[in-house]
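>>> below are the sequence and a predicted model; questions follow.
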Amino acid sequence: MSPQQSRITASIDFDQDGFQTGTLRVPHSVDRSAYGHIPIPIAVRKQGEGPTVLLTGGNHGDEYEGPVALMKLLQRLPAMQINGRIIVMPGLNFPAYLAGRRTSPIDGANMNRVFPGKRDGTITEMIAHYVDTELFPRADFIFDIHSGGQSFDHFPTLLVYPPKDRGTRAYYMGLIEAFGSPHAMVMDLLGEDRTYGAAVERQGKLFLCGEFGGFGTCNPRNLPIVEGGLDRLLVALGITSSTSLDLPPARTAYMKVEGHQHYVFASLGGIYEPAVSLGDWVNEGDIAARVFNPHAPWEAPRVVHFAGRGRVVCLRSFAGVEAGDCLVVLADSTDVA
């Protein structure tokens with residue numbers, strides 16, 4: 001085993017034709033199981049000579065639109081005629097996914113903040129390292145599906161990462177239009193470079209992400225956006241020749257999150273009252289929220305204002321807040337992504 005080769009092994013052969021299901025085996029030696037491993041479900045369908053697409057959900061374990069859409073795709077996948085390879089992992093951070101938590105119950109890690117991971121790290125770091133060293137290199141196109149989880153509700157939107165190369169960019173923008181999400185958004189993560197998406201960009205691969213709901217539920221309005229988008233995306237990539245679902249696309253509107261002006265954070269702890277709803281348009285200076293002091297309920301609340309204009313695309317769901325918690329994220333319209 002080379003110094004960088006993952007300690008995780010797969011029970012499937014990525015280069016074998018046909019449909020395979022199996023697991024990634026993450027070594028996990030604990031009191032109750034000295035030679036045990038954590039099995040993470042994975043499926044692959046290979047046929048013909050087309051591109052490879054990697055589809056993942058459950059990066060955060062409390063986000064369900066992605067896993068449900070991918071599990072429904074897996075029901076159809078054995079019978080589909082394809083030209084290429086489709087790798088599917090509905091529950092990427094499987095311990096977090098089973099627990100219904102954003103972070104892993106084993107090591108407390110947020111998978112979307114540990115890339116590129118570590119070969120000899122914690123369970124979450126080992127999974128991220130496997131994805132970065134074994135799955136990303138195999139893929140021509142990658143789609144990681146998210147939502148707001150328990151702590152947020154999120155406007156249904158693709159998160160997009162347009163390439164700088166003009167020709168590649170035109171092809172990429174065509175994939176966005178084919179997916180047919182009602183919104184597509186370029187998001188400023190304020191310098192965060194430990195994400196799945198940042199790791200994909202470092203490898204120069206084409207990538208989409210998406211946020212399609214929240215509250216720790218599977219949103220019945222947003223799930224069809226994901227299902228239909230996946231169906232059309234496979235056609236646009238040339239992996240399938242026709243759509244199999246009667247889920248028409250929406251016309252995509254482009255938005256952009258730009259810097260700290262589009263984020264609203266709590267400056268103190270307390271009970272949070274949002275002053276806006278998801279999808280509202282707001283202006284700089286408008287009231288975003290009020291935070292009440294539960295220890296002195298007779299005191300006036302701290303009023304939080306917006307520092308910029310835009311549309312509310314992400315809204316906190318938990319009423320209890322601590323200083324530093326994100327309450328609202330805005331995005332403004334843009335002509336092109």
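Received it, and whenever you're ready, just let me know what you need.
>>> how about the strands in the stretch 1-150 of the chain?
Per DSSP state E, counting those that start in this stretch, the stretch 1-150 of the chain carries strands over the ranges 9-10, 18-27, 37-47, 52-56, 84-89, 141-146.
>>> an error on my part: the question was meant for the stretch 151-300 of the chain.
Using DSSP E, counting those that start in this stretch, the strands of the stretch 151-300 of the chain run over 152-154, 157-160, 183-187, 206-211, 253-257, 263-265, 270-274, 281-282, 287-292.
>>> is it possible to export those to TSV including distance to Asn222, mean pLDDT and mean neighbour count?
The C-beta positions use only the backbone N, C-alpha and C, and glycine is treated the same way. Below are these laid out as TSV (distance: least, CB to CB, whole Å; pLDDT from 0 to 100; neighbours: other CB atoms under 10 Å):
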stretch	distance to Asn222	mean pLDDT	mean neighbour count
strand 152-154	9	96	24
strand 157-160	10	95	24
strand 183-187	11	92	22
strand 206-211	9	96	24
strand 253-257	16	95	20
strand 263-265	23	97	19
strand 270-274	20	98	18
strand 281-282	20	98	16
strand 287-292	24	98	18
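>>> in JSON lines: those strands, plus distance to Gly229.
Output for these, formatted as JSON lines (distance: least, CB to CB, whole Å):
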{"stretch": "strand 152-154", "distance to Gly229": "15"}
{"stretch": "strand 157-160", "distance to Gly229": "8"}
{"stretch": "strand 183-187", "distance to Gly229": "11"}
{"stretch": "strand 206-211", "distance to Gly229": "8"}
{"stretch": "strand 253-257", "distance to Gly229": "15"}
{"stretch": "strand 263-265", "distance to Gly229": "27"}
{"stretch": "strand 270-274", "distance to Gly229": "28"}
{"stretch": "strand 281-282", "distance to Gly229": "25"}
{"stretch": "strand 287-292", "distance to Gly229": "30"}
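>>> can you say which of those strands is nearest to Met111?
Nearest to Met111, of all those, is strand 206-211, at 13.2 Å by CB to CB.
>>> other residues contacting that closest one?
Strand 206-211 has contacts (CB atoms under 8 Å, 6 or more residues apart in numbering) with 66, 140-148, 154-161, 163, 168, 172, 175-176, 179, 181, 196-197, 200-201, 226, 229, 233, 313-314.
>>> mind giving me the ChimeraX select for those residues, buried ones only?
Selecting only the buried entries of those in ChimeraX, with 16 or more other CB atoms under 10 Å as the criterion:
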select :66,141,142,143,144,145,146,147,148,154,155,156,157,158,159,160,161,163,172,175,176,179,181,196,197,200,226,229,233,313,314
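>>> ok, back up a step: and the strands of the stretch 1-150 of the chain, which is most packed in?
strand 141-146 (a mean of 24; mean count of other CB atoms under 10 Å).
>>> what bridges to the nearest residue to Cys314 once chain neighbours are set aside?
Leaving aside its sequence neighbours, Cys314 sits nearest to Val329 (CB to CB, 6 or more residues apart in numbering; 3.7 Å). Assessed by DSSP bridges, Val329 has beta-bridge partners Tyr263, Cys314.
>>> wait, Val329 touches Glu258, no?
No. With contact defined as CB atoms under 8 Å, Val329 does not reach Glu258; the gap is 11.1 Å.
>>> so how far is Val329 from the residue nearest the centre of the chain?
Most central in the chain under CA atoms, centre = their mean is His146, positioned 3.1 Å from the mean C-alpha point. Distance, His146 to Val329, by CB to CB, to the nearest Å: 13 Å.
>>> okay, the strands of the stretch 1-150 of the chain in CSV with distance to Gly285 and mean pLDDT next?
CSV is the format used below for the strands of the stretch 1-150 of the chain (distance: least, CB to CB, whole Å; pLDDT from 0 to 100):
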stretch, distance to Gly285, mean pLDDT
strand 9-10, 54, 98
strand 18-27, 49, 97
strand 37-47, 48, 97
strand 52-56, 40, 98
strand 84-89, 44, 98
strand 141-146, 31, 98
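>>> could you export stretch 287-302 as PDB, CA atoms only?
These are the backbone C-alpha positions of stretch 287-302, laid out as PDB (Å, rounded to 0.1, in the frame of the first residue of the first chain):
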ATOM      1  CA  ILE A 287     -34.700  44.400   9.600                       C
ATOM      2  CA  ALA A 288     -33.500  40.800   9.300                       C
ATOM      3  CA  ALA A 289     -34.200  39.400  12.700                       C
ATOM      4  CA  ARG A 290     -34.700  40.100  16.400                       C
ATOM      5  CA  VAL A 291     -32.900  38.200  19.200                       C
ATOM      6  CA  PHE A 292     -34.500  38.100  22.600                       C
ATOM      7  CA  ASN A 293     -32.800  37.500  25.900                       C
ATOM      8  CA  PRO A 294     -34.500  34.600  27.600                       C
ATOM      9  CA  HIS A 295     -32.900  35.500  31.000                       C
ATOM     10  CA  ALA A 296     -34.300  39.000  30.800                       C
ATOM     11  CA  PRO A 297     -37.500  38.600  28.800                       C
ATOM     12  CA  TRP A 298     -38.600  42.200  29.700                       C
ATOM     13  CA  GLU A 299     -35.700  43.700  27.800                       C
ATOM     14  CA  ALA A 300     -36.100  44.900  24.200                       C
ATOM     15  CA  PRO A 301     -34.600  42.500  21.700                       C
ATOM     16  CA  ARG A 302     -31.400  43.100  19.700                       C
END
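>>> thanks a lot, catch you later.
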